[in-house]
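J.: next one to model:
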Amino acid sequence: MGELLKQIEPSKGGRPAETSAGAHTSFTRTGAAERAGISKHQQVQAVRVANVLAADFERQVESPKPPTVTALAEQGKSAAPRPVVDQPRGSLSELGCRGVTLRREGLRSRPASAAG
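T.: Numbers count the residues shown, from 1 in each chain. I've put the predicted structure just below:
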């Protein structure tokens, strides 16, 4: 089931015209799952299980103590991409941040005259 759903490109959202397969029809993973009588949760789990490498999947399923579907789905989760942020080097004063003090509770500003 998950292998078939993976063959359908995930929806990018937006207007239905961008995902139409023909005149006035829209073909999405969610739509295919709904037509097959599969809940959203089952759809997500099936795709995650299908993300597990075939050799790993077979080895685990054929083992004396096979994992649960939930455990397999956990292995197939893909991490959300994190934005790349350049981390400047040097002290805060070298970077012109003399009026800012970092505290455990968050950022607190000091007047420029008190920054020294």
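J.: now do the SS call for the closest residue to K6 other than its chain neighbours.
T.: Closest residue to K6 in three dimensions, ignoring its sequence neighbours and counting by C-beta to C-beta, 6 or more residues apart in numbering: A50, at 5.0 Å. In short, each C-beta sits where N, CA and C put it, glycine included. What DSSP: H, G, I helix; E, B strand; the rest coil gives for A50 is helix.
J.: against F57, how distant is A50?
T.: Distance of A50 to F57, given as C-beta to C-beta, to the nearest Å: 9 Å.
J.: next one: I8
T.: Shown here: I8 relative to F57, a distance of 20 Å by C-beta to C-beta.
J.: could you do E9 as well?
T.: Distance, E9 to F57, by C-beta to C-beta: 23 Å.
J.: okay, the two: which has more neighbours?
T.: F57 (17 against 10; other C-beta atoms under 10 Å).
J.: surely the more buried one meets V49?
T.: Yes. Counting by C-beta atoms under 8 Å, F57 touches V49, with 7.5 Å between them.
J.: give me the common contacts of these two.
T.: Contact criterion C-beta atoms under 8 Å, 6 or more residues apart in numbering; residues shared by F57 and V49: L72.
J.: what's the residue nearest to K6 in contact with, if anything?
T.: Neighbour list for A50: 2-3, 5-6, 76 [criterion: C-beta under 8 Å, 6+ apart].
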